[in-house]
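Asker: whatever this is, show me its structure:
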Amino acid sequence: MKQTAMKAQDAFFKDFNAEEMKKYFREDYIQHNPHVPTGLAPALGFLPALKEAGLTYKTHRLLEDGDFIVMHNTYDNAEAFGAKEVVTFDVWRMHDGQVAEHWDAISPVIKETASGRSQFDGPTLVTDTDKTEENKQLIANFMEDVFFGRAPEKISEYISAEQYDQHNPMVKDGLDGLNEALAYLASQNNMFDYHKVHRIFGEGNFVLTQSEGRWNGKPQAFYDLFRIKEGKIVEHWDIIQEIPKKMAHENGMF
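Answerer: Residues are numbered from 1 along each chain as shown. Alright, predicted model coming up:
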């Protein structure tokens, strides 16, 4: 299924080929990007503009979980997506060899970050596939205890004190860096407020959560990707995207 997803991705964002897209995307393709109407026809309508802009992309991480494919991508010449360079999480639901549904979160690429890491670098190899469900449950428990405040004092039980590589542009490496950032947000009365985890996807050592909440006084979509090693979180990437009041469809972002 990963190979089919990559062919679909190439048809859309590399070859800009409408006929190929018709092979890999259902006509009733359900869209959750808030700025793109639902259905295949609107997606096909974007192809000439993307080709003219010289859009290019790179997939940094590719995960498969049941009927779902998760991609961690970067795009260049991507002004149509909000900035020249953007980083995204794309989630596709596959059905009978075609893309049936799509969710995403998009952020401009930020060059200078607190940790010195980019929003997309780091390990890419999927390992420990026998631990997929165990790792997904670990992250589910972490979200409940830490992000939803059931038992925030347990944070060190989930995040490694020896290694915690951080890709959020505003947060330094390490558990100390995370605690420093959380303390600052609390002091500004601007803490991330997670309301609901909609989905948890995982393959082996990588787990992605798709959540809804508020930050900066506005509704947000939170996508958090974790890398787990020996039962501890050792790396984190994320994208936070504001949920607009008006969307191009009635499907919502989740």
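
Asker: got the confidence number for Met253?
Answerer: For Met253, the pLDDT comes out at 97.

Asker: equivalent analysis for Val234, please.
Answerer: 98.

Asker: and the host helix or strand of it, what does it pack against?
Answerer: Val234 belongs to strand 232-242 when elements are defined using DSSP states H and E. When contacts are defined as 3 or more Cβ pairs under 8 Å, 6 or more residues apart in numbering; DSSP states H and E, strand 232-242 packs onto strand 85-95, strand 98-108, helix 132-142, strand 165-166, strand 218-229. C-beta coordinates here come from the backbone N, C-alpha and C atoms, glycine included.

Asker: ok, now with 10 Å
Answerer: Helices and strands touching strand 232-242, as assessed by 3 or more Cβ pairs under 10 Å, 6 or more residues apart in numbering; DSSP states H and E, comprise strand 85-95, strand 98-108, helix 132-142, helix 155-158, strand 165-166, strand 206-215, strand 218-229.

Asker: check which residues of the longest one are buried.
Answerer: In this case it means strand 218-229. Across strand 218-229, burial judged by 16 or more other Cβ atoms under 10 Å covers 220-229.

Asker: wait, doesn't Glu27 sit right on Thr38?
Answerer: No. Judged on Cβ atoms under 10 Å, Glu27 makes no contact with Thr38 at a distance of 11.1 Å.

Asker: okay, those two: which has more neighbours?
Answerer: Ranked by neighbour count (other Cβ atoms under 10 Å), Glu27 and Thr38 place Thr38 first, with 20 against 9.

Asker: per-residue confidence for the more buried one?
Answerer: 97.

Asker: repeat for Arg93
Answerer: 98.

Asker: burial count for Val36?
Answerer: Using other Cβ under 10 Å, the number of residues around Val36 comes to 17.

Asker: correct me, but it touches Gly45?
Answerer: Yes. Using Cβ under 10 Å, Val36 is in contact with Gly45, at 9.4 Å.

Asker: quick one: secondary structure of Gly202?
Answerer: strand (DSSP: H, G, I helix; E, B strand; the rest coil).

Asker: run a quick neighbour tally on it.
Answerer: Neighbour count of Gly202, defined by other Cβ under 10 Å: 29.

Asker: if we can go back for a sec, would CSV of the helices and strands packed on strand 232-242 with distance to Ala186 be doable?
Answerer: Listed next are these as CSV, based on distance: least, Cβ to Cβ, whole Å:
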stretch, distance to Ala186
strand 85-95, 26
strand 98-108, 23
helix 132-142, 19
helix 155-158, 14
strand 165-166, 18
strand 206-215, 13
strand 218-229, 17
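
Asker: to Phe13, which of those lies closest?
Answerer: Of all the helices and strands packed on strand 232-242, strand 85-95 sits nearest to Phe13, with 10.0 Å by Cβ to Cβ.

Asker: returning to that earlier point: what's the closest of the helices and strands packed on strand 232-242 to Lys22?
Answerer: With Cβ to Cβ, the closest approach to Lys22 among those belongs to strand 98-108: 9.4 Å.

Asker: list the buried residues in the closest one.
Answerer: For strand 98-108, by 16+ other Cβ under 10 Å, it's 98-99, 101-107.

Asker: specify the beta-bridge partners of Ile240.
Answerer: Assessed by DSSP bridges, Ile240 has beta-bridge partners Phe222.

Asker: wait, it sits on Ala221?
Answerer: Yes. The pair Ile240 / Ala221 is scored as a contact, 7.3 Å apart, by Cβ under 10 Å.
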